[in-house]
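> Build me a model:
(chains A and B)
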Amino acid sequence: MEPILEFDKVFFNYHSTSGETVALQNISLCIDKGEFVAIVGPSGCGKTTILSLISGILKPSSGKVLLNGETVSNPRSIGYMFQRDQLFSWRSILQNVKLGLEITKDKTQESKDYLNSLIDKYGLTDFKNKYPHELSGGMRQRVALIRTLVTKPNLLLLDEPFSALDYQTRQSVVDDVATIIKNENKTSILVTHDLEEAISMADTVVVLTKRPATIKKIFKIPFSKQGNPSQKKKNPNFTKLKNEIWKELNNNEEVH
Amino acid sequence: MKKSIDYSIEHKKWLNKRRNKKISVTICQFAILIIFIALWEIAGSLGWINTFITSTPSRVLASIYNLYESGVLFYHIGITLLETILGFLIATILGTFIAIILWWSETLRKILDPYIVVLNSLPKIALGPLIIIWIGAGMQSIIAICVLILIIITIISMLNNFLECDKEKILLMRSMGANKFQILFKLILPSAIPGFISVLKINVGMSWVGTIIGEYLVSSAGLGYLIVYGSQVFKLDLVMASTILLCVLASIMYLLVSLLEKIVLKHR
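Numbering: from 1, shown residues only, chains lettered A, B, ... in the order given. Presented below is the predicted three-dimensional model:
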């Protein structure tokens, strides 16, 4: 498989008037096309820094971040999902989903058809003319995902997109999002502090250490192709793997 | 309310209670006004108060009628209204435009910051005499004073409004390939509309302050002129009448902005 994203010995330092903080230390990572990678680590370890490096908002202090073999300079062709859905309250659902095409001034029939097919396929037809405040939190996250898919991004960055949802809706939205991403065969990077979420969604789980973050260990999930997240959670190996990763995370707390 | 038949007794009771409360509040509001006017009139006619300095409602009405009779009522109202509306529009539009420029350029924002802070803390009315000398006594000075009073606070509020826009939303726009113009027109401006409405509400009130102060300093017509003139020749009926007219006009303008708010913010 061809790598879509590559971290090559990346270091990153934060500068402030009170001094310099090393946030990332020697991160090397390769993500293949169509792969779903989850990044977990103690809070404040620099997970979001990694996402900012991928989108080109931050530049590495040393080392290289390559997207499709090229240095990233702006966040174009990357799809975002945030903790909050960030739908525009003054636009209807259809207008929200259309945003990307409006920006690229893409008026081709092909794009319109793709947009309509996404709307139909993922059950937004009845909500097209509603406004975001009329939808439930889970539905809004689904709209947010469809909105990013419309522009056909090479890479999806999911920055704790489920942590603002209540427990009940959360599992169904996780299933929903995972299914859509799998259907559309998108390369995705999920940043989360929720281990179960990471293991049940991803093909690969990357465990980071405390700041300065280094890669502690990379786990391949053997049952990643077996159903949706809810089903995977019932896999006999799920708990075993979870304990193993949990140990890695805690182990790292003891060291510091 | 057509479906009231379907409601339970408890809900009907609740609705009734709510409606009764609303009615009694409205009655009280009117009662205060009526009692105040009646007391004022009675106290005046029975000689409890000196009507030479307090006037009475009937004399105020007579005074307004006199203005109407002599054909100058709408002239004075028109002048003040024109000054206020022009001051309000110029300050709001120009202020918002400057705020957009400052949002656009972070460097310019940082350079101009101390100047804006100083201008904001300066009591703008102190510049009144200078403005009159510079641009001449007349309506243009009154509008300029009005604009000066409004514009700094408009710039500051609108700029904060723009800068409050969610960073993630901006990142989202950029990830879709948006340029700065698109971010401005598709995100920053629409998301600033609720803030813009509150600025309008503040400016509506402040524009009257600006105009009347301007008219106090330099004018030959308008309601502020009538107030100053009336107080100088001790025609306090005229002062009271002009003040009440101002009250009515300012309320109407505020109501119009509230109406605009309801229409614009329907979906938020």
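
> can we go C-alpha only for contacts and neighbour counts from here?
Will do.

> Give me every residue in the stretch 151-268 of chain B that's in contact range of chain A.
The stretch 151-268 of chain B has residues B:168-169, B:171-178, B:182, B:190-191, B:267-268 near chain A, with proximity defined as CA under 8 Å from any CA of the partner chain.

> what residues are up against B:Phe52?
Applying CA atoms under 8 Å, 6 or more residues apart in numbering or on different chains to B:Phe52 gives the contacts B:Leu236.

> Now do the phi/psi pair for it.
With angles defined as degrees, to the nearest 10, B:Phe52 sits at phi -60, psi -40.

> Tell me the buried residues in the lowest-mean-pLDDT helix or strand in chain A?
Using mean pLDDT, DSSP states H and E, helix A:236-255 stands out as the lowest-scoring helix or strand of chain A, at a mean of 77. Within helix A:236-255, the residues that count as buried by 16 or more other CA atoms under 10 Å in any protein chain shown are A:Phe238, A:Leu241, A:Lys242, A:Ile245, A:Glu248, A:Leu249, A:Asn252.

> quick one: terminal-to-terminal distance for stretch A:205-219?
5 Å (CA to CA, to the nearest Å).

> Provide the backbone phi and psi angles at the residue of the stretch 101-250 of chain B found nearest chain A.
Of all residues in the stretch 101-250 of chain B, B:Ser175 sits closest to chain A, with a separation of 4.3 Å (CA to the nearest CA). Backbone torsions for B:Ser175, taken as degrees, to the nearest 10, come to phi -70, psi -20.

> State the next helix or strand along the chain beyond the helix or strand of chain B with the lowest mean pLDDT.
Of all helical and strand segments in chain B, the minimum by mean pLDDT, DSSP H and E falls on helix B:51-54, at a mean of 87. For helix B:51-54, the following helix or strand on the C-terminal side (DSSP states H and E) is helix B:57-69.

> on that earlier part again, just give me the closest of the buried residues of helix A:236-255 to chain B.
Proximity of the buried residues of helix A:236-255 to chain B (CA to the nearest CA) peaks at A:Leu249, which lies at 28.6 Å.

> rewinding a little: list the buried residues of the least confident helix or strand of chain B.
Those would be B:Thr51, for helix B:51-54 by 16+ other CA under 10 Å.

> Are any of the residues of the stretch 151-268 of chain B next to chain A buried, and if so which?
The buried subset of those - by 16+ other CA under 10 Å - is B:Glu168, B:Lys169, B:Leu171, B:Leu172, B:Met173, B:Arg174, B:Ser175, B:Met176, B:Gly177, B:Ala178, B:Pro190, B:Ser191.

> Low-confidence stretches in the stretch 151-268 of chain B?
For the stretch 151-268 of chain B, the stretches flagged by pLDDT under 70 are B:267-268.

> And the residue most central in space within chain A, how far from chain B?
Chain A has A:Leu158 as the residue nearest its centroid, 2.2 Å off, counting by CA atoms, centre = their mean. Look at A:Leu158 and chain B: by CA to the nearest CA, to the nearest Å, they are 12 Å apart.

> Name every strand pairing with whichever strand or helix holds that residue and say which way it goes.
A:Leu158 is located in strand A:155-159, with elements delineated by DSSP H and E. Neighbouring strands of strand A:155-159 in its sheet, by DSSP bridges, are strand A:78-81 (parallel), strand A:187-191 (parallel).

> Give me the buried stretch members for the helix or strand harbouring A:Gly100, please.
Counting by DSSP H and E, the element that carries A:Gly100 is helix A:93-103. Buried positions in helix A:93-103, judged by neighbour count with 16+ other CA under 10 Å: A:Ile93, A:Leu94, A:Gln95, A:Asn96, A:Val97, A:Lys98, A:Leu99, A:Gly100, A:Leu101, A:Glu102, A:Ile103.

> Ramachandran coordinates for A:Asp219?
Heads up, residue A:219 is Phe, not Asp. The phi/psi pair for A:Phe219 (degrees, to the nearest 10) is phi -110, psi 130.

> wait, isn't it in contact with A:Ile199?
No: using CA atoms under 8 Å as the test, A:Phe219 is too far from A:Ile199 to be in contact (9.3 Å).

> out of these two, which sits in the busier spot?
The residue with more neighbours, out of A:Phe219 and A:Ile199, is A:Ile199; 27 against 17, by other CA atoms under 10 Å in any protein chain shown.

> can you list contacts of the one helix or strand the more buried one maps to?
A:Ile199 belongs to helix A:195-201 when assigned by DSSP H and E. The contact list for helix A:195-201 (CA under 8 Å, 6+ apart) reads A:36, A:38-40, A:174, A:178, A:190, A:192, A:205, A:221, A:224, A:228-230, A:232-233, A:238, A:242, A:246.

> From the chain's centre, how far out is that helix? Work that out for me.
12 Å (CA atoms, centre = their mean, to the nearest Å).

> Ok, stretch B:220-237 next?
Distance, stretch centre to chain centre, for stretch B:220-237: 22 Å (CA atoms, centre = their mean).

> Just the residues contacting that stretch, thanks.
Residues from elsewhere that reach stretch B:220-237 (CA under 8 Å, 6+ apart): B:52-56, B:59-60, B:63, B:75-80, B:138, B:211-213, B:215-216, B:219, B:238-240, B:242-243, B:246.
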